[in-house]
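Chemist: With the sequence up front, the predicted model follows.
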Amino acid sequence: MNKLKNVYVLTVCALLVAIATVLGFFKLVVVPELIEIRFAFMPIGMSGMLFGPLVGGIVGALADVLGYLVKPTGPFFPGFTIATAISGVIYGVFLYRKKVTIPRVMLAQAVESVVVSLLLNSLNLSILYGNGFLAVLTPKIVKAIALYPFKTALLYLVLVAVPRIVPQQMKEAFARQ
């Protein structure tokens, strides 16, 4: 929690929440009605990598709530906020204070895809709309398999670039943590 008292950490987290919120509005539709790619996972993964699981979870939850407040796309359901927070926690567990490597990012993205995208979000949709869990899960499996290589590569490229774009003053602030 001491990290949240650091003005640089708060500033970067606020920027990452804003970026995740905006990126959540954009989607790339590969196969209509089946596969759409949203990009909010990148700043949430970045927050977990930079500041750890707790802050990653907070950034994920805030980005989800802010995204809903700015542009609601259906009923608000807290299960999705919890799922997005868990994404930040997962990225933090696998990437915080660790060298960013392809296998590590692959593992983090695999766990996030299974736990959040497949299980939690399918459960949330099942509860929210009253559909059977397996009926919701089945098409999501195809989507998760199709998106996995793309999301992993994109996340890796973004996370590798972070040390090059974080200003020196912020690097010093991170070192003091």
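Modeler: On my side now, so go ahead.
Chemist: Could I get the contacting residues of the most centrally placed residue in the chain?
Modeler: Compute the mean C-alpha point of the chain, and by C-alpha atoms, centre = their mean the closest residue is residue 41, 3.2 Å away. Residues counted as contacts of residue 41 (C-beta atoms under 8 Å, 6 or more residues apart in numbering) are 87, 112, 151, 155. Every residue, glycine included, has its C-beta placed from N, CA and C.
Chemist: top of the residues you listed by neighbour count?
Modeler: residue 87 (31 neighbours; other C-beta atoms under 10 Å).
Chemist: remind me, longest helix of this structure?
Modeler: Across the chain, the longest stretch assigned as helix under DSSP state H is helix 133-165.
Chemist: Which strands and helices lie in contact with that helix?
Modeler: strand 35-38, helix 41-51, helix 102-112, helix 121-129 (3 or more C-beta pairs under 8 Å, 6 or more residues apart in numbering; DSSP states H and E).
Chemist: what's the first one packed up against?
Modeler: So the one you mean is strand 35-38. strand 27-31, helix 133-165.
Chemist: Do me a favour and get the end-to-end distance for stretch 73-84?
Modeler: For stretch 73-84, the first-to-last residue distance is 16 Å (C-alpha to C-alpha, to the nearest Å).
Chemist: which other residues reach that stretch?
Modeler: Contacts for stretch 73-84 (C-beta under 8 Å, 6+ apart): 40, 44, 60-61, 63-65, 68, 116, 120-121, 123-124, 127-128.
Chemist: again, 7 Å this time
Modeler: 44, 60-61, 63-65, 68, 116, 120-121, 124, 127-128 (C-beta atoms under 7 Å, 6 or more residues apart in numbering).
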